[in-house]
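In: Structure, please.
(2 chains)
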Protein chains: 2
Amino acid sequence: MEYKFSDRVQTLKPSAIREIFKYAADPSVVSLSAGNPSPDAFPAKEIAEISAKVLAENPISVLQYSVTEGYAPLRQHLMEYMKQKHNTGTDNDDILITTGAQQIMDLSSKALVNEGDVVICEAPSFIGSLNTFRSYNAKLVGVTVEPDGMSTAELEQKLKENPNAKLIYTIPNFQNPSGVTMSLEKRERVYELAKQYGVLIIEDNPYGDLRYSGEYLPNIKTFDTDGIVIYAGSFSKVISPGMRVAYTIAPKPIFQKLVVCKQGNDVHTNIWSQYVCDEFITKYDFDAHLEKLRQIYTKKAQFCMDLLDKYCAPAITYNKIDGGLFIWCDLPKDVDMPQFCKTAVLNKVCVVPGNAFLTDENDECHSFRINFSTPTDEQLEKGIKILGKLANA
Amino acid sequence: MEYKFSDRVQTLKPSAIREIFKYAADPSVVSLSAGNPSPDAFPAKEIAEISAKVLAENPISVLQYSVTEGYAPLRQHLMEYMKQKHNTGTDNDDILITTGAQQIMDLSSKALVNEGDVVICEAPSFIGSLNTFRSYNAKLVGVTVEPDGMSTAELEQKLKENPNAKLIYTIPNFQNPSGVTMSLEKRERVYELAKQYGVLIIEDNPYGDLRYSGEYLPNIKTFDTDGIVIYAGSFSKVISPGMRVAYTIAPKPIFQKLVVCKQGNDVHTNIWSQYVCDEFITKYDFDAHLEKLRQIYTKKAQFCMDLLDKYCAPAITYNKIDGGLFIWCDLPKDVDMPQFCKTAVLNKVCVVPGNAFLTDENDECHSFRINFSTPTDEQLEKGIKILGKLANA
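Out: Model (predicted):
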């Protein structure tokens, strides 16, 4: 049988990161290429406690089919929490529980993007989302990420050039992979431009609670008096990614279409894990848990930056980060970055080549991404020492 | 903001069944409209045991990100189980764990169906799958379901008429909603026709283990020497639908595309629940559990058919079923079926109007679907008595 795949997946490739994971699976290789929470970061004891409780109290509700919108108490508690703590969400919004935030990109693409429509992305941006947009045959248009967030001048130009732009996809806090946080001025400007050009924004905020330094900045969604922002939040980085529980706060007409699309996608998100998340954020001290995570990661982030200073200067430079899980490292312009990453793997340290995060992987790129949340301190030191040696050789 | 949704969701409506659920939520209404497993059918104690064990033994693996393909031991055990017990799956196939079987329809559509391509479905068929195909702008072409399965003469004609047919979607065992089981001859003929016309088959088999009478019939997938069958299995009806764990056994080149599509859809299926399913099918007596389910449902199915004989004859006729969760009831041709269903709701019993399951909801239809797994015996008797009274009035 010669298989005829759809046009939309003809060119879709497995994520470059996954290909790199094949090397990273070798236990002798130090992997700085993942994006997994630290093993210390899981409230495993609490999850086991809650799970035993809800299975004892409500076994049938926890195991039976549930509604597509999500577990009603969790939706209500999240809406209240996001409103109170982040001034995010209004009476014109509703909340949908999703199977990871990745599903928000999938449902939004399905509901809003025709084949050939443009999705404007930060360049670089999260490869998972880029691939989802690609899987709907969207045309990706990149906007350069500057140290204070995407270039709003370039954004305006791209909006002018692309009247069929449907979405602006942004990760304003501690962006993956650049580590950059968007300034308040740029958040306001991005919102104004989206409004002016009639384009919706997806604000993806998986790392928002993981701020280690600098001033708290409001979500773009807090400006959303016009109903143009789809906010994506997730428990993956703050409770457990394996449970695949995330949520989107979206204007009601969009919410309704996302619900219909989700019905045909996976009917509803694992309801057992929704019960667990709900109990954890309401009956336990969620804020203390977030503070504990910040302590773990503040230490690890600083340790990682100290190692980069110690072993990698001057050849490797990087932007200091205020939060998140990633540091974006730059090589001198005369260094062949893909070759450098290959050599690094042969020398037993694995990083992600920066071009994997571009809207066009063939664009020139001299950067690579490292992650500090997954490796141990020993692994971090060993890996970064090797990178420094190779770059400064 | 005036929202511009994509072409594919312009006409997509919330499932008619969900609309009916609004009435069914009224506790004074007897709902025969669901498709939920019976509350007796959940191995809740075992699930609680296993969950406590895996969270104690492997807390990080159970809560951390996992691979898109699914939990490796579960994949291996399922492949062995399906091969041994159902002769299903060959060395040319691979297995992907999905977030419910609904996701198999979504990923297969994304990977294989261009907008405007034809998906051939049984008429009537499972509305959830039909809506998924619609959400990719597929054109649905229905083939009449006869008492021994879809009309293969009509299937051949539709294949001739539609050179852009990409998929044949079938539920050969105890079909939802018709209750019909496809004969061995027709299974072979459907396979031959698919092969001849170069069209793939999705064989959806959520109820296969729930046979109450009649002879076991091989899956269409057992004929698949040509690599043209995507088999969809699920734990929803035999362990728990709330966990959303299902699996597809598909030819390797298709499997690979489904994996890439799933990466962009939800990254991976809830890994905790995958651990639980794996332990349940390997360390517990899964066959004894299935036998227990068959005992529960054999009794309920017979009870339901006895009630139909007692209260609904002669106005309502139905096909006796050999398994599954649904019975398809026919009204006389001169009865306005949608009106009958509305009157039934006003009289506090809720069924699903049959046209909801057609490829074109506006086609004439004199049938409705009832479910016997969810209601109690008292509710079944009360509901069916009302239906009989209304139909024979």
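In: okay, CA-based contacts and neighbour counts for the rest of this
Out: Fine.
In: any residues touching stretch A:333-343, and which ones?
Out: With contacts defined as CA atoms under 8 Å, 6 or more residues apart in numbering or on different chains, stretch A:333-343 is touched by A:331, A:350-353, A:365-368, A:390-391.
In: repeat that for 7 Å
Out: Residues outside stretch A:333-343 that contact it (CA atoms under 7 Å, 6 or more residues apart in numbering or on different chains): A:351, A:353, A:366-367.
In: Give me the next element, helix or strand, following the lowest-mean-pLDDT helix or strand in chain A.
Out: Ranked by mean pLDDT, DSSP states H and E, the helix or strand of chain A with the weakest confidence is helix A:16-24, at a mean of 67. Moving toward the C-terminus from helix A:16-24, the next helix or strand (DSSP states H and E) is strand A:30-31.
In: thinking again about what came up before, the contacts of stretch A:333-343 into CSV, with extra columns for distance to A:N87?
Out: Output for the contacts of stretch A:333-343, formatted as CSV (distance: CA to CA, whole Å):
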residue, distance to A:N87
A:V351, 37
A:P353, 37
A:H366, 38
A:S367, 36
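In: of all the residues you listed, which two lie farthest apart?
Out: Largest separation among the contacts of stretch A:333-343 by CA to CA: A:V351 and A:H366, giving 12.9 Å.
In: which of those two has more neighbours?
Out: Set side by side, A:V351 and A:H366 show more neighbours around A:V351, with 25 against 18, by other CA atoms under 10 Å in any protein chain shown.
In: which residue sits closest to the more buried one, ignoring its sequence neighbours?
Out: In space, and not counting its chain neighbours, A:V351 is closest to A:S33: 4.6 Å by CA to CA, 6 or more residues apart in numbering or on different chains.
In: quick one: secondary structure of the one you found?
Out: Here A:S33 is recorded as coil under DSSP: H, G, I helix; E, B strand; the rest coil.
In: count of neighbours near it?
Out: 24.
In: Ok, A:S108 next?
Out: Look at A:S108: counted by other CA under 10 Å, it has 23 neighbours.
In: residues in contact with it?
Out: So A:S108 contacts A:L258 (CA under 7 Å, 6+ apart).
In: next SSE after whichever strand or helix holds it?
Out: Here A:S108 sits within helix A:102-112, counting by DSSP H and E. Going down the chain from helix A:102-112, the next helix or strand is strand A:118-123, by DSSP H and E.
In: So which other helices or strands are in contact with the helix or strand that that next one is followed by?
Out: Following strand A:118-123 in sequence order, the next helix or strand is helix A:127-135 (DSSP H and E). In terms of contacts (3 or more CA pairs under 7 Å, 6 or more residues apart in numbering or on different chains; DSSP states H and E), helix A:127-135 is packed against helix A:102-112.
In: Now the helix it packs on: average pLDDT?
Out: Summarised as a single mean, pLDDT over helix A:102-112 is 98.
In: What residues sit buried inside stretch A:86-102?
Out: A:87-90, A:93-102 (16 or more other CA atoms under 10 Å in any protein chain shown).
In: In helices, which of these appear?
Out: A:Q102 (DSSP state H).
In: The helix ranked longest in chain A packs against which elements?
Out: Using DSSP H, we find that the single longest helix of chain A is helix A:286-307. The contact analysis (3+ CA pairs under 7 Å, 6+ apart) places helix A:286-307 against helix A:377-391.
In: what about 10 Å?
Out: helix A:271-283, strand A:326-330, strand A:367-371, helix A:377-391 (3 or more CA pairs under 10 Å, 6 or more residues apart in numbering or on different chains; DSSP states H and E).
In: what's the angle from the last one to strand A:367-371?
Out: Which is helix A:377-391. For helix A:377-391 against strand A:367-371, the angle by axes from the mean of the first three to the mean of the last three CA atoms, to 10 degrees is 170 degrees.
In: thinking again about what came up before, minimum distance to B:I230: which of the helices and strands packed on helix A:286-307 has it?
Out: Closest of those to B:I230 is helix A:271-283, at 27.1 Å (criterion: CA to CA).
In: who does the closest one touch, helix- and strand-wise?
Out: helix A:44-57, helix A:59-63, helix A:72-86, strand A:93-98, helix A:286-307, helix B:271-283.
In: related to what we said a few turns ago, I'd like the mean pLDDT over the longest helix of chain A, please.
Out: For helix A:286-307, mean pLDDT is 98.
In: Give the buried residues for it.
Out: A:289-290, A:293-294, A:296-298, A:300-305, A:307.
In: picking up where we left off before, can you redo the helices and strands packed on helix A:286-307 as a markdown table with mean pLDDT?
Out: A markdown table is the format used below for those (pLDDT from 0 to 100):
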| stretch | mean pLDDT |
| --- | --- |
| helix A:271-283 | 98 |
| strand A:326-330 | 98 |
| strand A:367-371 | 97 |
| helix A:377-391 | 97 |
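In: Wait, the residue nearest to A:V351 touches A:C350, no?
Out: Yes. When contacts are counted by CA atoms under 10 Å, A:S33 is listed as touching A:C350 (5.9 Å).
In: mind checking which of the helices and strands packed on helix A:286-307 is nearest A:I220?
Out: Using CA to CA as the measure, strand A:326-330 is the one of these that comes nearest A:I220, at 21.7 Å.
In: tell me the angle the closest one makes with helix A:286-307.
Out: 20 degrees.
In: helices or strands up against strand A:326-330?
Out: Applying 3+ CA pairs under 10 Å, 6+ apart, one finds that strand A:326-330 contacts helix A:286-307, strand A:317-318, strand A:367-371.
In: Quickly check: the last one near chain B or not.
Out: Think strand A:367-371. No. For strand A:367-371, no contact with chain B is found by CA under 10 Å from any CA of the partner chain; the gap never falls below 14.7 Å.
In: for that strand, packing partners?
Out: helix A:286-307, strand A:317-318, strand A:326-330, helix A:337-346, strand A:352-353, helix A:377-391.
In: Tell me which residues of the last one come out buried.
Out: This points to helix A:377-391. A:379-381, A:383-388, A:390-391.
In: Which member of those is positioned nearest chain B?
Out: Nearest to chain B among the buried residues of helix A:377-391: A:Q379, at 18.5 Å, using CA to the nearest CA.
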